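Novice: no FASTA, just this:
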């Protein structure tokens, strides 16, 4: 309904003549405009848009009434359930159904956060210690030899 009104209202829109004094498209304004253009052969598109708008508004009002009636019935059923509740039943609902679910969710999020942190740390350590000890020892010997050569060339004892 809102899309239809938005699409066809505004300047030069098909629902332009069906607005109230406040500038809103209302059911009464749509009906009044339909009465004005009902016999105008050149206003066929406007009539069609008005008819669709009126149908949508009627369906929307009906849906709102049904929703309100269903909510009233649900409220009545909920009130009837309050009479049957015991202290044990309330504790079960609050602790088992509500608190435990939220605690389990929080624990799950914390475990996931810690796991992600652990995975990141393992990757960092893997990168830091990716070289094996024999390779490192070989590099130390190579660099040690180069340092000894430089020291000899400089005239220092190696």
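Specialist: Happy to help now that I have it. This structure is a prediction, so every number in the text was calculated from the model and none was measured.
Novice: which residues of this protein score low on pLDDT?
Specialist: Where the chain drops to pLDDT under 70, the residues are 10-12, 17, 19-23, 158.
Novice: run the last query once more with 90
Specialist: Scanning the chain for pLDDT under 90 picks out 1-54, 57, 81-98, 101, 126-136, 155-158.
Novice: Helices along this structure, start to end?
Specialist: 2-8, 27-37, 44-84, 87-91, 100-128, 133-153 (DSSP state H).
Novice: tell me the most buried of these?
Specialist: The highest average neighbour count among the helices of the chain, using mean count of other C-beta atoms under 10 Å, belongs to helix 27-37 at a mean of 16. All C-beta atoms are positioned from the backbone trio N, CA, C, and that covers glycine.
Novice: elements contacting that helix?
Specialist: Here helix 27-37 touches helix 44-84, going by 3 or more C-beta pairs under 8 Å, 6 or more residues apart in numbering; DSSP states H and E.
Novice: Now do the helix it packs on: which elements does it pack against?
Specialist: Counting by 3+ C-beta pairs under 8 Å, 6+ apart, helix 44-84 packs on helix 2-8, helix 27-37.
Novice: about what we covered before: can you redo the helices of the chain as a markdown table, where the extra columns are distance to residue 15?
Specialist: A markdown table is the format used below for those (distance: least, C-beta to C-beta, whole Å):
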| stretch | distance to residue 15 |
| --- | --- |
| helix 2-8 | 4 |
| helix 27-37 | 7 |
| helix 44-84 | 6 |
| helix 87-91 | 53 |
| helix 100-128 | 47 |
| helix 133-153 | 79 |
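Novice: Using CSV, lay out the helices and strands packed on helix 44-84 together with distance to residue 82.
Specialist: Putting the helices and strands packed on helix 44-84 into CSV (distance: least, C-beta to C-beta, whole Å) gives the following:
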stretch, distance to residue 82
helix 2-8, 38
helix 27-37, 39
